[in-house]
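*Asks:* for reference, the sequence and a predicted model appear below.
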Amino acid sequence: MGHSHGHGHGHSHDHHHTGNKKALMLAFILIASFMIVEVIGGIWTNSLALLSDAGHMLSDAAALGLSFLAIKMGEKKATNSKTFGYKRFEIIAASINGITLLLISLYIFYEAYHRILEPPAVQSMGMLVISTIGLLVNIAAAFILMSGDKDHNLNVRSAFLHVLGDLLGSVGAIAAALLIYFFGWGIADPIASVIVAVLILISGWRVVKESFHILMEGTPSHLNPEDIKKKLLGLAYVKDVHDLHIWTITSGFPSLSCHLVIEHDGGHDAVLHAAQSVLHDEYGIEHSTIQVEGERKGCPGHNESCN
């Protein structure tokens, strides 16, 4: 019987890690700086579209700051009480960001309802100027975050979605300002905010759903346990695979544990190396814990479960 671990978190992860920190910090400075301008502008022009965009920018700043803090926390070394370190804090931060998006969208719906019933007077020209500047700021922040690893890091992606929702908010505010200025359609302001709120709601739900899936130790969506089991069973000398578990520690850090039952004449080290190579090369799993058992010895009760 044998028990071994495979590790391989390499230089590419470190590169993305540094890039993510830099992107989040730059985006935070940009968003937080303009947020103050937009809050003042929203109050001055009496525009819900601008105020909702400003509120979203406030959450953006908080989300970006929280995301940066999460990555910094993730750098802390593992301890006896937290053997995986603080990497999971990134997912907790992402879930908080997603829930924040949901709450913001609900608040915008509430405010828009009252404004649709009684459209207020809005200073369209001031609204147009501020929302146009806001659009440029959000485009810059979005490009900065795109330089990070948003495709594989849930925390960076949730921050990116915050900024993207804000960018769409600026587009909606610009459209509403033009409709009010040229046609006097005051109702365009709350309608624009509702459209943006729907987009924010969808984005927020996606982030919350994915982060909770990770927190519940769910199998990564791009990995199929049955396919992996078949691949391991296809290795020489492997007779059975059981107690297969696949989960995610944090974004881009999938982990796997399983028991391999091998024929009595199978080489423990050779089978273990072959299994780890398959998991790493074909599935991108760099952290695996594999227990190799002789066919005759096995593990008590392994036909059902062996914990």
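*Replies:* Right, received. Where do you want to start? Residues are numbered from 1 along each chain as shown.
*Asks:* and the longest strand along the chain, what does it pack onto?
*Replies:* For the chain, the strand that runs over the most residues, judged by DSSP state E, is strand 238-248. Where contact means 3 or more CB pairs under 8 Å, 6 or more residues apart in numbering; DSSP states H and E, strand 238-248 is packed against helix 225-233, strand 254-262. Backbone N, C-alpha and C define where each C-beta goes, glycine included.
*Asks:* can I get these in JSON lines with mean neighbour count, mean pLDDT and distance to Lys87?
*Replies:* Conversion of the helices and strands packed on strand 238-248 to JSON lines gives the following (neighbours: other CB atoms under 10 Å; pLDDT from 0 to 100; distance: least, CB to CB, whole Å):
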{"stretch": "helix 225-233", "mean neighbour count": "14", "mean pLDDT": "94", "distance to Lys87": "22"}
{"stretch": "strand 254-262", "mean neighbour count": "21", "mean pLDDT": "93", "distance to Lys87": "11"}
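*Asks:* which stretch among these comes nearest Gly172?
*Replies:* strand 254-262 (37.9 Å; CB to CB).
*Asks:* packing partners of whichever helix or strand comes after that closest one?
*Replies:* With elements assigned by DSSP states H and E, the helix or strand that comes after strand 254-262 is helix 268-283. Judged by 3+ CB pairs under 8 Å, 6+ apart, the packing partners of helix 268-283 are strand 2-6, helix 225-233, strand 254-262, strand 287-294.
*Asks:* tell me the average confidence for the shortest one?
*Replies:* Put plainly, it is strand 2-6. The pLDDT scores in strand 2-6 average 47.
*Asks:* pull out the buried positions in stretch 287-295.
*Replies:* Buried residues in stretch 287-295, defined by neighbour count with 16 or more other CB atoms under 10 Å: His287, Ser288, Ile290, Gln291, Val292, Glu293, Gly294.
*Asks:* now that stretch: average pLDDT?
*Replies:* Here the average pLDDT along stretch 287-295 is 88.
*Asks:* averaging pLDDT per element, find the lowest-scoring helix or strand in this protein.
*Replies:* strand 2-6 (a mean of 47; mean pLDDT, DSSP states H and E).
*Asks:* and the helix or strand that comes right after that strand, what does it pack against?
*Replies:* The first helix or strand that comes after strand 2-6 along the chain, using DSSP H and E, is helix 11-45. For helix 11-45, the elements it packs on are helix 48-74, helix 124-146, helix 154-183, judged by 3+ CB pairs under 8 Å, 6+ apart.
*Asks:* coming back round to it: let me have the helices and strands packed on helix 268-283 in CSV, extended by distance to Ser277.
*Replies:* Converted to CSV, the helices and strands packed on helix 268-283 look like this (distance: least, CB to CB, whole Å):
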stretch, distance to Ser277
strand 2-6, 9
helix 225-233, 11
strand 254-262, 13
strand 287-294, 10
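*Asks:* neighbouring contacts of stretch 221-241?
*Replies:* Stretch 221-241 is touched from outside by 213, 219, 244, 246, 254, 256, 258-263, 265-267, 270-271, 274-275, 278-279, 282-283, 285, 295, 302, with contacts defined as CB atoms under 8 Å, 6 or more residues apart in numbering.
*Asks:* out of the helices and strands packed on helix 11-45, which gets the lowest mean score?
*Replies:* Looking at those, the bottom one is helix 48-74 with a mean of 74.
*Asks:* for Ala140, see how far away Leu30 is.
*Replies:* 6 Å (CB to CB, to the nearest Å).
*Asks:* my bad, Glu75
*Replies:* Applying CB to CB, the value for Glu75 to Ala140 is 27 Å.
*Asks:* who touches the closest residue to His245 other than its chain neighbours in this structure?
*Replies:* Leaving aside its chain neighbours, His245 sits nearest to Ser257 (5.0 Å; criterion: CB to CB, 6 or more residues apart in numbering). The neighbours of Ser257, taking CB under 8 Å, 6+ apart as the test, are Asp243, Leu244, His245, Ser288, Thr289, Ile290, Gln291.
*Asks:* surely Ser158 touches Leu66?
*Replies:* No: taking contacts as CB atoms under 8 Å, Ser158 lies outside contact range of Leu66: 9.5 Å.
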